[in-house]
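> Quick check, what structure comes out for this input:
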Amino acid sequence: MALISDGRFIEDGWRRLADEEALPKSGKVIVSLARLGHALEHFGPDAAIGAFVPNTTEPAALAQALPRLGLISIAFPAFADGRGFSLARLLRRAGFTGELRASGRLLADQYAHALGCGFDTIEIPDDLAARQDESQWRAARAAHARAYQRGYVAAGSILEARRKAAAK
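Now for the predicted structure:
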């Protein structure tokens, strides 16, 4: 899997564990939603724990764990399935401040929207990364520096920029 941050392919510092794998003593690990409770009990309060969740997950299912999670990876089974975008916005509204990762078959064309919904990183399969190289992801990030709707993109919305310009 290729990991994209700020339009660049980067190394992943996290390790996703299969459900049958034993929990290690330390390290940045991502576990499934089904194993999250056990992982929270297993690791100390300062451990780096991530959760891999389906895009159909109710935010309430993660509410108690949010303060302890360093990463939430939301599954995108198909590029046309946008439920993960809605879940990302809900998790940000619930106060999650850790890394939010979209994982699956996303396209570079969806990058600006993903950032606007609160995602920090995108994880795509290697076959998709071969077809959409880093230059396409960088271009997609640069193409839409601002959006009409308020979101989580640092540059702000077009409306906010217009209001600031009018106030001068």
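
> Does the spatially most central residue of the chain lie in a helix or a strand, and which?
Centre of the chain computed as the mean C-alpha position; nearest residue by CA atoms, centre = their mean is residue 101, 1.9 Å away. Here residue 101 is covered by strand 99-104, with elements defined by DSSP states H and E.

> And the next helix or strand past that strand?
With elements assigned by DSSP H and E, the helix or strand that comes after strand 99-104 is helix 111-116.

> State the mean pLDDT of that next one.
Across helix 111-116, pLDDT averages out at 88.

> now this structure, which segments are flagged as low pLDDT?
Low-confidence regions of the chain, defined here as pLDDT under 70, cover residues 144-158.

> where exactly do the helices run in it?
36-42, 83-93, 111-116, 126-131, 134-143, 158-167 (DSSP state H).

> one step back: so who does the residue nearest to the centre of the chain touch?
Residues touching residue 101, when contacts are defined by CB atoms under 8 Å, 6 or more residues apart in numbering, comprise 3, 71, 72, 73, 74, 119, 120, 121, 122, 123. From N, CA and C alone the C-beta is placed, and that goes for glycine too.

> still on that earlier bit, just send the helices of the chain back as JSON lines, with mean neighbour count too.
Formatted as JSON lines, the entries for the helices of the chain read as follows, by neighbours: other CB atoms under 10 Å:
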{"stretch": "helix 36-42", "mean neighbour count": "15"}
{"stretch": "helix 83-93", "mean neighbour count": "19"}
{"stretch": "helix 111-116", "mean neighbour count": "22"}
{"stretch": "helix 126-131", "mean neighbour count": "12"}
{"stretch": "helix 134-143", "mean neighbour count": "16"}
{"stretch": "helix 158-167", "mean neighbour count": "10"}
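
> Turn those into JSON lines, including distance to residue 24.
Conversion of the helices of the chain to JSON lines gives the following (distance: least, CB to CB, whole Å):
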{"stretch": "helix 36-42", "distance to residue 24": "9"}
{"stretch": "helix 83-93", "distance to residue 24": "26"}
{"stretch": "helix 111-116", "distance to residue 24": "30"}
{"stretch": "helix 126-131", "distance to residue 24": "25"}
{"stretch": "helix 134-143", "distance to residue 24": "31"}
{"stretch": "helix 158-167", "distance to residue 24": "44"}
